[in-house]
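Q: just need the structure, nothing else, for what follows:
(2 chains)
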Amino acid sequence: MPPKKQLSRRQLNSPFANLIEAMVEAKSKEDEMTGFTPLWEVFVQPKGALAHKHCGSVHAADAEQALQAARDVYARREEVRSIWVVPSAQIIASEPEAAGMLFDPASDKIYRHPSFYDIPDDIENM
Amino acid sequence: MYAQGLIGADTASGETAEFLAAFQARIDANEKIEPREAMPEGYRRTLIRQIGQHAHSEIVGMLPEGNWITRAPSLRRKAALLAKVQDEGGHGLYLYAAAETLGISREQMTQDLLSGKAKYSSIFNYPTLSWADIGAIGWLVDGAAIMNQIPLCRCSYGPYARAMIRICKEESFHQRQGYEIMLTLAAGSAEQKDMAQDALNRWWWPSLMMFGPPDSDSQNSDQSMAWKIKRFSNDELRQKFVDATVPQADRLGLSVPDDQLVWNEAKNGGAGGYDFGPIDWSEFWSVVKGDGPMNRQRIAARQKAWDDGAWVREAALAHAAKKAAQPQAAE
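A: Numbering: from 1, shown residues only, chains lettered A, B, ... in the order given. Reported below is the predicted structural model:
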């Protein structure tokens, strides 16, 4: 039994390794024009301590090249503090059809907003 | 930077009337459509074609200007031109990424460009003969593109609108650097001023053609407007461009090569605007169909870039596969 840390690394890496392997395999079967380089989603953190925000995607063979491409494509005007790249195939997204089920329950819970509560005007600092 | 009025679109849809009406209601409510949501096939195909043409235009558009990087007259001009051409490459990549969200691969789009199936803006099939052409392109071609692109920031398809916002933010420098080149030449020696005038003469009409065929010939425009892919007609945008640009030419002391150009008080609902001469649409269609002065060279250059890059793409994939296959023990 390998140490726990190593196991979790392997779990993290193996789907990606399989993905690349599958892509290379698919590529060797296709003619040259249709061989393809994996897609990565790019998230940039602007200067000023804002959260990382999705800004687009790049194609790259591996993580290092994805970061380099993201730098060239999405950070040409020094407005960026940090970049994340994530293999697009690893993004788990909610289905558009599920939007109502997932998000509508929030819309009738106005008591979650501060303005729901009546406080006299002469109460300060609240 | 280089949106052109869409050349050819396919807006036929096979969906039920209920589905189309529900989709139209979302558009009419100014909702943005996002990648995996249900959409009519005609909407998807029109966007793939338009965003693809736009992306190809950015990439092919690097060629005529790249031609002058090594011969820029000063370090300042060279740094600016290099940055501008790099921006065009970046804009092409934003747009390819937006098109890919609709289910077409980058490789397929590249193949469609190289085979001639996909079009790109007709303007890039003209040669850049002198340094003044770099000024004229920034001023006129980027100016026309900005006119076209600002409304696209409000396009109903989310990823396209977001890419356009990013592009428009970066675009203004392109036009200003071009106009500055024109200002410098126009204020220079007689020979330099002649160069500037010659560039204006050659780029004026092709720039007007960038807005695409006249509304009377643009059958697919109505559906694109209803879907809010397009916000203004080709002729409306062309008129805006002429009205904005003629005073800029006057300020340079250059003359627009159109002897029918005249101020018309009654135009634009009484605000006034320029009447201008007829555009040679036979030239436009011949360029779009592949017989412009530079079509063959442009595609040959893209083909060469694709072929010469093949070993790099293969080596990068092989390297990634090898690294992924290595045992993790080393880390």
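Q: what's near enough to touch B:Phe241?
A: Counting by C-beta atoms under 8 Å, 6 or more residues apart in numbering or on different chains, B:Phe241 touches B:Gly143, B:Ala144, B:Met147, B:Ser207, B:Leu208, B:Phe211. Every residue, glycine included, has its C-beta placed from N, CA and C.
Q: residue boundaries of the helices in chain A?
A: Applying DSSP state H to chain A gives helices spanning A:4-29, A:63-74, A:99-103.
Q: repeat that for the stretch 51-200 of chain B.
A: B:62-66, B:75-100, B:106-115, B:131-136, B:142-152, B:158-186, B:190-209 (DSSP state H, counting those that start in this stretch).
Q: residue ranges in chain A under the pLDDT threshold?
A: A:1-35 (pLDDT under 70).
Q: re earlier: and of the helices of the stretch 51-200 of chain B, who's closest to B:Ala315?
A: Set against B:Ala315 and scored by C-beta to C-beta, the helices of the stretch 51-200 of chain B come closest in helix B:106-115, at 17.1 Å.
Q: for the closest one, name the packing helices and strands.
A: Helix B:106-115 sits against helix B:41-60, helix B:75-100, helix B:295-325, with contacts defined as 3 or more C-beta pairs under 8 Å, 6 or more residues apart in numbering or on different chains; DSSP states H and E.
Q: tell me the most buried of those helices?
A: Highest mean neighbour count among the helices and strands packed on helix B:106-115 (mean count of other C-beta atoms under 10 Å in any protein chain shown): helix B:41-60, with a mean of 24.
Q: quick check: mean pLDDT of that one?
A: In this model, helix B:41-60 has an average pLDDT of 95.
Q: of the helices and strands packed on helix B:106-115, which is nearest A:Glu95?
A: Using C-beta to C-beta, these put helix B:41-60 closest to A:Glu95, at 18.1 Å.
Q: and the closest one with helix B:106-115, angle?
A: Taking axes from the mean of the first three to the mean of the last three C-alpha atoms, to 10 degrees, one finds helix B:41-60 and helix B:106-115 inclined to each other by 70 degrees.
Q: does chain A have contacts with helix B:41-60?
A: No - shown here: helix B:41-60 not in contact with chain A (C-beta under 8 Å from any C-beta of the partner chain), separated by at least 12.1 Å.
Q: quickly compare the helices of the stretch 51-200 of chain B and say which is most buried.
A: helix B:131-136 (a mean of 26).
Q: ok, residues contacting that one?
A: B:64-65, B:68, B:71-73, B:81, B:128, B:178-182, B:184-185, B:192, B:195-196, B:198-200, B:202-203.
Q: same deal with stretch B:228-238?
A: B:5-6, B:27, B:30, B:43, B:46-47, B:50, B:147-148, B:151-152, B:154-157, B:208, B:211-215, B:218, B:221, B:224-225, B:240.
Q: now swap in stretch A:77-85 and tell me
A: A:40-48, A:52, A:58, A:60, A:63, A:66-67, A:70-71, A:74-75, B:170.
Q: if we use 6 Å, what do you get?
A: A:Trp40, A:Val42, A:Phe43, A:Val44, A:Gln45, A:Pro46, A:Lys47, A:His52, A:Ala66, A:Leu67, A:Ala70 (C-beta atoms under 6 Å, 6 or more residues apart in numbering or on different chains).
Q: filter those to the buried ones?
A: Buried subset of the contacts of stretch A:77-85 (neighbour count, 16 or more other C-beta atoms under 10 Å in any protein chain shown): A:Trp40, A:Val42, A:Phe43, A:Val44, A:Ala66, A:Leu67, A:Ala70.
Q: show me what contacts the third one?
A: For A:Phe43, the residues meeting the contact criterion (C-beta under 6 Å, 6+ apart) are A:His52, A:His54, A:Trp84.
Q: what's the model's confidence in stretch B:242-249, averaged?
A: Averaging pLDDT along stretch B:242-249 gives 97.
Q: so how far is it from its chain's centroid?
A: Remark: stretch B:242-249 is offset 20 Å from the chain centroid, using C-alpha atoms, centre = their mean, to the nearest Å.
Q: thought B:Ala144 was touching B:Leu208?
A: No - using C-beta atoms under 6 Å, B:Ala144 makes no contact with B:Leu208, being 7.7 Å away.
Q: quick one: distance of the lowest-mean-pLDDT helix or strand in chain B to the chain centre.
A: Lowest by mean pLDDT, DSSP states H and E among the helices and strands of chain B is helix B:221-226, with a mean of 86. Centre-to-centre, helix B:221-226 and its host chain are 19 Å apart (C-alpha atoms, centre = their mean).
Q: cool, stretch B:246-257 as well?
A: Counting by C-alpha atoms, centre = their mean, stretch B:246-257 comes out at 23 Å from the chain centroid.
Q: send me that stretch as PDB with only the CA atoms.
A: This file holds the C-alpha atoms of stretch B:246-257, laid out as PDB (Å, rounded to 0.1, in the frame of the first residue of the first chain):
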ATOM      1  CA  VAL B 246     -14.000  61.900 -43.900                       C
ATOM      2  CA  PRO B 247     -13.300  64.700 -41.300                       C
ATOM      3  CA  GLN B 248     -10.200  62.700 -40.200                       C
ATOM      4  CA  ALA B 249      -8.900  62.700 -43.800                       C
ATOM      5  CA  ASP B 250      -9.600  66.500 -44.000                       C
ATOM      6  CA  ARG B 251      -7.500  67.000 -40.900                       C
ATOM      7  CA  LEU B 252      -4.600  65.100 -42.500                       C
ATOM      8  CA  GLY B 253      -4.900  67.400 -45.600                       C
ATOM      9  CA  LEU B 254      -5.500  64.300 -47.700                       C
ATOM     10  CA  SER B 255      -8.400  63.800 -50.100                       C
ATOM     11  CA  VAL B 256     -10.800  60.900 -50.200                       C
ATOM     12  CA  PRO B 257     -10.700  59.300 -53.600                       C
END
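Q: got the buried residues for that stretch?
A: Of the residues in stretch B:246-257, B:Val246, B:Gln248, B:Ala249, B:Leu252, B:Leu254, B:Val256, B:Pro257 count as buried by neighbour count, 16+ other C-beta under 10 Å.
Q: low-confidence stretches in chain B?
A: Judged by pLDDT under 70, the stretches of chain B that qualify are B:1-14, B:219-220, B:328-331.
Q: close to chain A: what parts of it are there?
A: Chain B comes close to chain A at residues B:36-37, B:90, B:93-94, B:97, B:107, B:111, B:316-317, B:320-321, B:324, B:328, as judged by C-beta under 6 Å from any C-beta of the partner chain.
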